[in-house]
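S.K.: Below are the sequence and a predicted model for it; my questions follow.
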Amino acid sequence: MLSSGCVLTCALLALAIALHHQVPVLFACSVILLVSLMMLFLLLGHYTRRRQRILATLEDGIKSIKDGDLSLRISPTPDPDLARLIDLYNQLTTNLKQQKQKLNQKELVLDSIVQASPMATLLLDKQRHIVYHNAAARQLLKKQPGALTGSSLEVACDDLPSALAQALNSGYTGMLSFEQQEQKHTYYLGVEPVTLNYQPHSLVICKNVSAEQNREEIMLWKNAIRLISHELNNSLAPIQSLTGSAQTMLSQQKHLELLPDMLDTVSQRAHNLSEFIQRYAEYARLPAPSCAAHAIAPLLERLQALYPFTLLGTVPADTGYFDVAQVEQVLLNLLKNAHESGSDKAEISVRVVQSQTRLRFAVVDRGSGILPGNLHQALQPFYSTKAQGTGLGLSLCHDIITAHQGQLRLRNREKGGLMVEFDLPLGENTH
């Protein structure tokens, strides 16, 4: 429409000039066309430069985004082609700015939580240089904030006890106990691989749990002393009473026919006390597991004859890598507990499933279960929910599975009963 108007205007203008100056119409048209082309080139040049300026501004804005600067905004333009692009750019910078603000707020909250944590936390790069640390780490390493960032972990540990420094530098995970200045110290150490900005890092945590460990040991000793005292009193009190009565009978030469029964009772109580002491001695002398490849089916068949159970699913065909005597003792204890839990024998079941590198066992029943508040105590030595229990069964199972680099877990079932789960390695190199 606009181009047609321009052409018509130029034609009329050329005709007017030709009539006025009495020159050929063709010459007048040529002059007008030449002037029009010059004006068109000027307009095109101006339009092109304006587009180039806008594109250059967009390029600067994208470079600013790349550098993390989201403050650059571009003014709207009447060019319909570029207006949409500029609008999208401005929307992008606004959204990115909002997301960056939210991310910064989350990082501040997370940093505040980590800084307030009593657990020393260190983030190491692949050269094991410290790139992040919290206040507890500075307190543990006895360093000022500026002295830690960028330094190697080995240098940062130079003021620590040698046992703790060696464990941190070697990437040890677990409980560490050592003595220093005739005092026992216990630390929990953990190392977890993380990836930041596509680069491998290590998250190292360390906490002094000496006070908690001492309190737990004191409680365990109190429980042990209470249980042993109770068992000794149960055995020695009747023995003392019966021997006193026997001495009276002998001195008076009366009711001597009762002496054999009294001596049998004394012998039985002494035997029970001996068995009690023997169980504690065996717990204290638990040997390291002697692992080898063993099939699962024969193990379950032997246990089935002692404590019947329902086998859920099929037994894995692959062999496990474990100490068969110790694992058999674990399953024997768990099945014995299930049979003594008040569960219907038909509800006692065993399931064995195989993952890529582990065998996972589960023993379930429909008995009374364990009070939720006592689940965390049930695996501690000397803790028992039974009136006549020694508190060693589940603790022994836990220690055996831990020695096999596995985990033993307890949980109550929704409709009543208990589930005890543990896992074992499939092969020698899958611990």
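M.R.: All right, it came through fine. Numbers count the residues shown, from 1 in each chain.

S.K.: what about the residue lying closest to residue 167 once chain neighbours are set aside, how many neighbours?
M.R.: Excluding its sequence neighbours, the residue lying closest to residue 167 (CB to CB, 6 or more residues apart in numbering) is residue 176, at 5.1 Å. Where C-beta positions appear, they are placed from N, C-alpha and C, glycine not excepted. Applying the criterion other CB atoms under 10 Å, we find 18 residues in the vicinity of residue 176.

S.K.: likewise the one 5 residues further on?
M.R.: Burial measure for residue 181: 6 neighbouring residues, criterion other CB under 10 Å.

S.K.: For it, give me its contacts.
M.R.: Under the criterion of CB atoms under 8 Å, 6 or more residues apart in numbering, residue 181 has no contact partners.

S.K.: mind checking how far it is from residue 367?
M.R.: 50 Å (CB to CB, to the nearest Å).

S.K.: helices or strands up against the helix or strand containing residue 92?
M.R.: Here residue 92 sits within helix 80-116, counting by DSSP states H and E. Helix 80-116 sits against helix 25-66, with contacts defined as 3 or more CB pairs under 8 Å, 6 or more residues apart in numbering; DSSP states H and E.

S.K.: Let's test this: mean pLDDT of the helix it packs on, rounded?
M.R.: Helix 25-66 shows a mean pLDDT of 68 in the predicted model.

S.K.: in the stretch 301-431 of the chain, which spans are helices?
M.R.: 324-339, 393-403 (DSSP state H, counting those that start in this stretch).

S.K.: before we move on, what about the stretch 101-250 of the chain?
M.R.: For the stretch 101-250 of the chain, applying DSSP H, counting those that start in this stretch gives helices covering 135-141, 145-148, 153-156, 162-170, 210-252.

S.K.: ranking those by mean pLDDT, which is last?
M.R.: The weakest mean pLDDT among those belongs to helix 210-252, with a mean of 73.

S.K.: Taking their axis directions, that one and helix 393-403 sit at what angle?
M.R.: Angle, helix 210-252 to helix 393-403, by axes from the mean of the first three to the mean of the last three CA atoms, to 10 degrees: 140 degrees.

S.K.: helices or strands next to helix 210-252 in the packing?
M.R.: Helix 210-252 packs on strand 183-196, helix 259-284, going by 3+ CB pairs under 8 Å, 6+ apart.

S.K.: now the helices of the stretch 101-250 of the chain in JSON lines, with distance to residue 329 and mean neighbour count?
M.R.: Converted to JSON lines, the helices of the stretch 101-250 of the chain look like this (distance: least, CB to CB, whole Å; neighbours: other CB atoms under 10 Å):
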{"stretch": "helix 135-141", "distance to residue 329": "40", "mean neighbour count": "20"}
{"stretch": "helix 145-148", "distance to residue 329": "48", "mean neighbour count": "13"}
{"stretch": "helix 153-156", "distance to residue 329": "42", "mean neighbour count": "18"}
{"stretch": "helix 162-170", "distance to residue 329": "32", "mean neighbour count": "16"}
{"stretch": "helix 210-252", "distance to residue 329": "21", "mean neighbour count": "13"}
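
S.K.: Spatially nearest residue to residue 149 (excluding sequence neighbours)?
M.R.: residue 130 is the one closest to residue 149 (CB to CB, 6+ apart), at 6.0 Å.

S.K.: low-scoring stretches of the stretch 201-350 of the chain, by residue?
M.R.: 220, 223-224, 227-228, 230-231, 234-235, 272, 275-276, 279-285 (pLDDT under 70).

S.K.: on that earlier part again, could you point out which of the helices and strands packed on helix 210-252 sits nearest residue 299?
M.R.: Nearest of those to residue 299, taken as CB to CB: helix 259-284 at 20.8 Å.

S.K.: Next secondary structure element downstream of that closest one?
M.R.: strand 292-294.

S.K.: Ok, which of the helices of the stretch 301-431 of the chain comes nearest residue 244?
M.R.: For the helices of the stretch 301-431 of the chain, proximity to residue 244 was assessed by CB to CB; helix 393-403 is nearest, at 35.4 Å.

S.K.: Now do the buried residues in that closest one.
M.R.: For helix 393-403, the neighbour count (16 or more other CB atoms under 10 Å) marks 393, 394, 395, 396, 397, 398, 399, 400, 401, 403 as buried.

S.K.: do stretch 262-275 as well
M.R.: Quick answer for stretch 262-275 (16+ other CB under 10 Å): 262, 266, 269, 273.

S.K.: With that, I have no additional questions.
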